[in-house]
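>>> below is the structure, and that's it, no one-letter string:
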């Protein structure tokens, strides 16, 4: 075994990044050396602040072309083989590997609803009740089993012990002090302050934004209805397209709202000052998902339960699902390809050297991080570090990759799956074929995402994760909601009502209440019965716990024995001396 | 500090019991020494089997009269002071201390609903909706805060690390083997077998029993109705009492069913073969509670939602609550007192020595456990152990205490609180005064239970617990149900319906659905927002975890260093030798 194989590339990257980010200011450093305008306070991560103030433009790891080619052959070129999860993890880190594992697992789980969806085409429409009930239960089991799978992965990856009391992330602000857990000198920030900010400020803001988005949606519906009515009464003398105008405007508004909201949410989560990266991601994702939920699903709820037009719902669902998937695939695979192609041409057209000169501040050879901006003050130290020639091929590579698009983490990918999950399950009793389209999309998605990650984006920073975090909860909540929506759609469906024409409306609502409570009860039961961690993981963890407790006991025993022995020696030594 | 103060009495008791119970048979022991009829197999706890076959009649710890007097003064005689929880724990162990902490905590929490119940008397009846919503939320918060409190207690008591992989309990059966966690030689039984027995056998049996109990209840209702009708039609010429007959017969049947079912449940749980005592208790309690739920609450559900007679519900609730509490107090405090008094007289009337002779098999001096039955084979060993005189006062004490009633653990006490909790919250919108009666009862209950435990019962075996186990879940489920019942009662209540006379039935049901889902949503939100463990407990646990992980790392480092050093020495040593 060579010393280079001891750590995976993701781990090496993680360590370098951790070391760079944890260069924190001391009390006496109150400014960035050479930049008196930028004030620092104690305990701040200097690199992070430089990035924040754009003193350092970007910091990114470089691709390892050889490893990437190998990975690609096993991954996006091997269409009918299992994804090489272990290799993905070694190259891209745990977060990306977990996303692709989830994607594969979820797609496999979708095969059953897809199959049932086909089956339904050949069966009488009343059978929908059975399929619907089966679907929601299947989905519950899927989510529970995924949780187990997650903990298995986290155990083998060694991330299962991650807690919110771990080493703070780079952007964590606070007064420097002794950490209660590890005894290290780290920034300290009281948890109650984070909670207070979270519940007293962020929560109301998010809520207001959600309500706002809801009203925007209502406004678009009203506008559309108004235009339709005007059209009917012949008072409007425009073409057909005018009726579509509200939808188009709405889409544009949602797009703008989304990008604004994303900034607000990120800023708020940063301000809440969560200790670890996982916590930060969880709270950011929670905020974003709530908003996305309103934008993506509220219109369907409105059609289903206010307008109560099932055909309209089905059409809307089909259109939204297909458009959504088409746009996503375009955005993810085709657009970056075009941009890349276009960029290359532009780059070639311009003089290469000129760009090289401008971008020199962006890179260093082996590993990211430009230090050339604040070169002067630390010249003495830097002299000892060998510097790469400016025409070294590695520098060229670094510049090329710096021009690539930035992969902003797995958020967008999960979000896509989340929205798809909602479209498939929330109204599965109305449009069972959704599962088929989802599977078809996902099979492409796996390879497209893989290709995009390997070839179109700058190499993402490896992130350690132990589970899907906020997404697990988001999926679970949509799961619970899908029980409610499907039960109510069933009880509203004319097919079923025809089966028992003597039943009154009240009785149908009561049927809904009973059915829904039963299913929610079963869901809760499944949740209790399926343990979150498989037995072998529990045993292995208990074993480690037992061993380490015993080691601590031994350590303490030895220490106290030594202490007693020393006292004994001192006493008897002095006695001997005296005598 | 004296060496006797190092361990509390509960701890000493726990250790002695643990040692006695863990005398397990080896392969070569296939019978109880001296009793060839009783076959043993490898890994069985000998003492437990002797108890099972009645070779040993009883095994119990003795009271420490001095400590008990001190405890009593601080506890049941000090009416208006805080209970001395720490002293209770030191004397009776964690399980009993936790029960009394719960009792105190729950009673304090009940003060708010009690106060609101009084307030409601002076307010218009429509205010009921507000109070009802407040009550269910209050109860949710109470249960969540109790969980936190539990984990605080468990941490200070050192029981928080208890898991289902701990040391197996005495009655755990299995093939002897190396334990995967600790590496000790212990009985092994695959978890999946326990689960299979639990879900494939026990669960259906419990379900059938519940349905049976439900039909018995229905039968009693039908019989009562039949008799009432006959009475009305003058066809029955008996007195008023005949109409009460079904209720009386039902009560008797329930009593018999209960005692039978308790045996069945205990046997089933024993057969499922759970590893730890906590697991065993949890599964036994779950089975028992399900059955008790049907017996105690189903009739109220029947009246509320099938008969839909709110006055009848209110009366029934009041009668059941008061009778239930009266019977319980009688059973717990007065009956044992009478029995004790009666027993004493009988004992005095008989010749004391005669009893002493019979009971000699029951005790040994300092600590329980009669070994005199199988005296002969181990005479040689026992000769070294000093034996107490048969007229030693300690033996007399042991005999006296052997005659006392057996305290079967906290099950009955928790059950009483559980049923009371159900009566108070499930239908709190109908009978808000229930909280008052509950508080009044509990204030007496605390002292009565304390007195009973100290004076009327044999000293219970100290048990280590980390939480209220199945009771927490049982309370939570009744809590969730109380949201459903109260919402539906509200929407059925004539007072509220009068407020909006234009609303149709369907609309009222929909109001119910919305209100209920909102409250369940808030409950879920509270559940997520209130962490199960306070911050300080989490930090302290993380600290211990960190320290022990570090100790393990150091231990391994030292070991591998020593290993390398030895190899180095060997290689160089032999080299020197050769040269």
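Nice, I can see it. Here the structure is a predicted model, which is why all the values come from computation and not from measurement.
>>> what parts of chain A come near chain B?
Residues of chain A found near chain B, taking Cβ under 8 Å from any Cβ of the partner chain as the criterion, are A:161, A:163, A:165, A:180-182, A:191-192, A:199, A:484, A:505-506, A:509-510, A:512-513, A:517, A:529, A:535, A:538-539, A:542-549, A:551-552, A:554-555. To be clear about C-beta, it is placed using only N, CA and C from the backbone, and glycine gets the same treatment.
>>> are any of those residues buried, and which?
A:161, A:165, A:180-182, A:191, A:484, A:509-510, A:512-513, A:538-539, A:542-549, A:551-552, A:555 (16 or more other Cβ atoms under 10 Å in any protein chain shown).
>>> the strands in chain A, which residues?
A:31-32, A:35-39, A:175-178, A:185-188 (DSSP state E).
>>> now the shortest one, how far from the chain's geometric center?
The one in question is strand A:31-32. 33 Å (Cα atoms, centre = their mean, to the nearest Å).
>>> what helices and strands are in contact with that strand?
Judged by 3 or more Cβ pairs under 8 Å, 6 or more residues apart in numbering or on different chains; DSSP states H and E, strand A:31-32 is in contact with strand A:35-39, helix A:46-52.
>>> do the last one as well
Packed against strand A:185-188, as judged by 3+ Cβ pairs under 8 Å, 6+ apart, are the following elements: strand A:175-178.
>>> still on that earlier bit, mind putting the helices and strands packed on strand A:31-32 into a markdown table with distance to residue B:53?
Output for the helices and strands packed on strand A:31-32, formatted as a markdown table (distance: least, Cβ to Cβ, whole Å):
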| stretch | distance to residue B:53 |
| --- | --- |
| strand A:35-39 | 81 |
| helix A:46-52 | 72 |
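>>> among the ones you listed, which is the most enclosed?
Mean neighbour count (mean count of other Cβ atoms under 10 Å in any protein chain shown) peaks for helix A:46-52 among the helices and strands packed on strand A:31-32, with a mean of 19.
>>> and for that one, what's in contact with it?
For helix A:46-52, contacts defined as Cβ atoms under 8 Å, 6 or more residues apart in numbering or on different chains pick out A:20-21, A:23-25, A:29, A:32, A:38, A:40, A:56, A:58-59, A:170-171, A:369.
>>> restricted to helices, list the buried ones among the residues of chain A next to chain B.
A:191, A:484, A:509-510, A:512-513, A:538-539, A:542-549, A:551-552, A:555 (DSSP state H).
>>> residue A:132 against residue A:486, yeah?
Yes. Applying Cβ atoms under 8 Å as the test, residue A:132 and residue A:486 come out as touching, 4.9 Å apart.
>>> which residues do these two both contact?
Shared contacts of residue A:132 and residue A:486, counting by Cβ under 8 Å, 6+ apart, come down to A:428, A:429.
>>> and the closest residue to residue A:23 other than its chain neighbours, what pLDDT?
What sits nearest to residue A:23 in space, not counting adjacent residues and going by Cβ to Cβ, 6 or more residues apart in numbering or on different chains, is residue A:46, at 5.1 Å. Note on residue A:46: pLDDT of 84.
>>> quick one: neighbours of the residue of the stretch 201-350 of chain A found nearest chain B, just the number.
At 9.8 Å from chain B, residue A:203 is the closest residue in the stretch 201-350 of chain A, using Cβ to the nearest Cβ. Residue A:203: 15 surrounding residues under other Cβ atoms under 10 Å in any protein chain shown.
>>> can you pull the contacts of the closest residue to residue A:265 other than its chain neighbours?
Leaving aside its sequence neighbours, residue A:265 sits nearest to residue A:287 (Cβ to Cβ, 6+ apart; 4.1 Å). Residue A:287 makes contact with A:202, A:206, A:265, A:268, A:269, according to Cβ under 8 Å, 6+ apart.
>>> give me the pLDDT for residue A:287.
95.
>>> now swap in residue A:192 and tell me
Value listed for residue A:192 in the pLDDT field: 92.
>>> measure the residue nearest to the spatial centre of chain A to residue A:260 for me?
Compute the mean C-alpha point of chain A, and by Cα atoms, centre = their mean the closest residue is residue A:411, 3.5 Å away. From residue A:411 across to residue A:260, the span is 16 Å (Cβ to Cβ, to the nearest Å).
>>> with residue A:423 instead?
Plainly put, residue A:423 is 25 Å away from residue A:260 if you go by Cβ to Cβ.
>>> check contacts around the closest residue to residue A:511 other than its chain neighbours.
In space, and not counting its chain neighbours, residue A:511 is closest to residue A:491: 5.5 Å by Cβ to Cβ, 6+ apart. Residue A:491 makes contact with A:508, A:509, A:511, A:512, A:515, according to Cβ under 8 Å, 6+ apart.
>>> how about the second one: what's its closest non-neighbour residue?
For residue A:509, ignoring the flanking residues on the chain, the nearest one in space by Cβ to Cβ, 6+ apart is residue B:509 at 4.5 Å.
>>> that neighbour and residue A:508 touch, don't they?
No. In this structure residue B:509 lies outside contact range of residue A:508 using Cβ under 8 Å: 9.6 Å.
>>> re earlier: the helices and strands packed on strand A:31-32: lowest mean pLDDT?
strand A:35-39 (a mean of 80).
>>> for residue A:24, give me its contacts.
A:42, A:43, A:44, A:45, A:46, A:176, A:187.
>>> how about those residues in a markdown table, adding distance to residue B:253?
Formatted as a markdown table, the contacts of residue A:24 follow (distance: Cβ to Cβ, whole Å):
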| residue | distance to residue B:253 |
| --- | --- |
| A:42 | 75 |
| A:43 | 71 |
| A:44 | 74 |
| A:45 | 72 |
| A:46 | 78 |
| A:176 | 71 |
| A:187 | 67 |
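>>> and residue A:462, how far from chain B?
23 Å (Cβ to the nearest Cβ, to the nearest Å).
>>> and that residue, what does it touch?
Contacts for residue A:462 (Cβ under 8 Å, 6+ apart) come out as A:10, A:11, A:13, A:14, A:61, A:92, A:93, A:94, A:95, A:96.
>>> again, but for residue A:495
Listed by Cβ under 8 Å, 6+ apart, the contact partners of residue A:495 are A:125, A:126, A:128.
>>> need the buried ones from those selected in PyMOL.
Command for PyMOL that selects the buried part of the contacts of residue A:495, burial taken from 16+ other Cβ under 10 Å:
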select buried, chain A and resi 128
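>>> what about the contacts of residue A:495, which are in helices?
Using DSSP H, those in helices are residue A:128.
>>> so which of the contacts of residue A:495 comes closest to residue B:312?
residue A:126 (39.9 Å; Cβ to Cβ).
>>> let me know whether the closest one touches residue A:496 as I believe.
Yes. Proximity of residue A:126 to residue A:496 meets the contact threshold set by Cβ under 8 Å, at 6.5 Å.
>>> so where do the helices sit in the stretch 401-550 of chain A?
Remark: helices assigned in the stretch 401-550 of chain A by DSSP state H, counting those that start in this stretch are A:411-426, A:434-451, A:470-492, A:494-499, A:505-529, A:535-578.
>>> show me where pLDDT drops low in chain A?
Applying pLDDT under 70 to chain A picks out residues A:1, A:235-240, A:346-385, A:571-579.
>>> what about 50?
A:351-378, A:577-579 (pLDDT under 50).
>>> all helices of the stretch 201-350 of chain A, in order?
According to DSSP H, counting those that start in this stretch, the helices that the stretch 201-350 of chain A contains are A:203-232, A:241-272, A:277-301, A:310-329, A:335-349.
>>> give the buried residues for the second one.
It refers to helix A:241-272. Quick answer for helix A:241-272 (16+ other Cβ under 10 Å): A:243, A:246, A:250, A:253, A:254, A:257, A:261, A:262, A:265, A:268, A:269, A:272.
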